Structures are given as C-alpha cells and as structure tokens.
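In: Only the shape, not the letters, is given here:
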C-alpha cells in the first residue's frame, strides 16, 4: 500500500467533510459528540493523505504526480484548504489542543506561500503552453486556499490586525477575477468547439464556492461592512443559479447519451468539489445577516432545503467513493501480480 499515491486534489474530500461538520452540522444541529467523531475521522483522512503526499518526495514521484501538469498543479490548493479546515476543527472541537492547531497553522502558511508561487508560474504557463482551452474551476482553488487562511486566523488567533485580513481577502478576490476570466474566456471564445457532456468540468462549481468562502471570510474576520458582504452573497447566489442550471442541463444530456448509472452514479474525485461548494454556500447563507426582507425570505428557503440536501449529497458521495474503493481493492492484487510478472 505504500506505493499507492493519492491524486493531487484528494484533499477535497477533507475540505467537504470539514465544512459540513463545522459549517452545517455545528451551526444548525449542534450535536457535539457527532461533530467530534467526524472531526477525528477528518483528521485521520488528512493525516493519511498527507503521508501519501510526503512519500512522493522520498520516492521522487512528486514532480511527476503533482507538479508536471500546470493545470493539475492548482489542485495543491486543496492541501492548503484541507489543512485549514482540520486546523479549525482542532481549535473548535478540541480546545485543549490549541497549541497543536497553531503549529499546524504555521506550517499551512508556509505551504500556502509555496502554492501561490507555483500558481503564479502556472498562470504564465497556461498561455505559453496553450493550455487555456483545458482550464476549469480548479484554478479557483487559489481563492479558496487564500480565504481559508482568513478563517484559520479568526479561529486560532485571538487578535489579527484588520490590515492582514484585508490583504488576504483582497488577494483572494484578485485570484478569483483572474481565474474566472480565464475560465469564462475558455467557454465563450470557442463556444461551438466544446460539448457540455465532455468539456464542462465538475470543478466549475467552485465559481460560486470561491465567492462563498470569500464572503464567509469577511464575516468571520469582522473586517468588512455588511453591505459588501450582502453584495458578495448576491453575486455568489446568482452564479450558483447559473452554474447549477448548466449542471442540470449537463446531467440531462449525459443521462440521454450514457444512461442513468453512468451519467450520475459513477465516482469521480472532482465531485467532492460540489459537496464542498454546496456546503460553503449553505454556511455563508446561514451566517449572513440579511438587510432586506426579500433577501431574508430567500435565505430561509435555502437554509430549509440545504440543511437536508447538503448532508444527503455528502452521504451519496461517500457511498460512491466506498464502492469505488471496494472495486479498487478487488482489482489491486490482480494488477500488482500482473506488474510483478512483467518485471520478473
């Protein structure tokens, strides 16, 4: 098993379970024993995935698996965001481990700095290597990872200068504008050369998820006024409707051409991004203080539906993942034996 390396964006599962534990279950239900159990499970997943990633360094596989493809390189942002959510869970659920949470946060800031540097380089490579026709929502992990640090600071540290919060929030918004421009340009410039079934990526839902975590960062840091937060929510909700309408149409087209099982009930790592973004949008909606009666009514509808829909989406994804891992465990011994025979 030590030779099984997880894909770059595997930490998206940690992000998804973490936001539903802390953002959905904790805010609405408040079942502390369940929250602690899920937090331990999430930390265990983070530890195992981190170990697998660490092994790529020692076995000289890091560049091949995580770095060589400029687009895939953006997936390292899930390492930052996944570490952030684990840090927050430790700080919130296990207050006696506050020092451990701080130590992990220091490491995470260093990881984020490394990530930002390689992403800036990757943005230039997208042009030089003509990869802009293959870009998708994974680019927006630059925003998600940056804003996740604002959430960490508000949870782990007693007092953070407003200037620091403003710096990270604005930097995250800059990353959002650059990434969203590149993604939208891909689909609009050559609208006739791509099909919605094959070329629309699951990760495009991060278009609204990145805005949701930005709004949540504004709320938790208490460094932005309510009018700006409401404006961000309106933008996130609008993009949510647009993107998910496209997703529904895509699902219809896939069901028509591939059938129900292949179109919907097939596991893909990128599907965790949908669980995360839905959970983040629900959390942002729950935390916001609406200034208009119409907005308040919409907020209540989203919360009423979302409190059941988001956990159900997580359960479905866990079931698909479990089935995928079961099939993998059955096929792995055969594949290992085949490789051994070839190398003999």
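Out: Received, thanks. Note that this is a predicted model, so its numbers are computed, not measured.

In: pretty sure residue 302 is touching residue 282, no?
Out: Yes: here residue 302 reaches residue 282: they are 6.9 Å apart, a contact under C-beta atoms under 8 Å. For every residue, glycine as well, the C-beta is placed using N, CA and C.

In: higher neighbour count, those two?
Out: Under the neighbour definition other C-beta atoms under 10 Å, residue 302 and residue 282 were set side by side, and residue 282 has more, 25 against 18.

In: number of nearby residues for the closest residue to that one other than its chain neighbours?
Out: Once flanking residues are discounted, residue 282 sits nearest to residue 306: 4.0 Å by C-beta to C-beta, 6 or more residues apart in numbering. Applying the criterion other C-beta under 10 Å, we find 20 residues in the vicinity of residue 306.

In: Give me the pLDDT value at residue 306.
Out: Predicted confidence (pLDDT) for residue 306: 89.

In: same thing with residue 337?
Out: At residue 337, the predicted lDDT confidence score is 46.

In: quick one: low-confidence parts of the stretch 1-150 of the chain?
Out: Screening the stretch 1-150 of the chain residue by residue with the criterion pLDDT under 70, one finds the ranges 1-3, 30-31.

In: what's the helix or strand for residue 239?
Out: Under the criterion of DSSP states H and E, residue 239 resides in helix 226-258.

In: Give me the buried positions along that helix.
Out: Within helix 226-258, the residues that qualify as buried by neighbour count (16 or more other C-beta atoms under 10 Å) are 229-230, 232-233, 236-237, 239-240, 243-244, 247, 250, 253-254.

In: can you put those residues in CSV and add pLDDT?
Out: Converted to CSV, the buried residues of helix 226-258 look like this (pLDDT from 0 to 100):
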residue, pLDDT
229, 93
230, 91
232, 95
233, 94
236, 96
237, 95
239, 97
240, 96
243, 96
244, 95
247, 94
250, 92
253, 89
254, 87
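
In: Pull the residues that contact the helix or strand hosting residue 280.
Out: For residue 280, the element it lies in under DSSP H and E is helix 272-287. Applying C-beta atoms under 8 Å, 6 or more residues apart in numbering, the contact partners of helix 272-287 are 9, 12-13, 15-16, 19-20, 23-24, 27-28, 137, 202-203, 205-206, 208-209, 212-213, 215-216, 219-220, 233, 236-237, 240, 299, 302-303, 306-307, 309-310, 313-314, 317.
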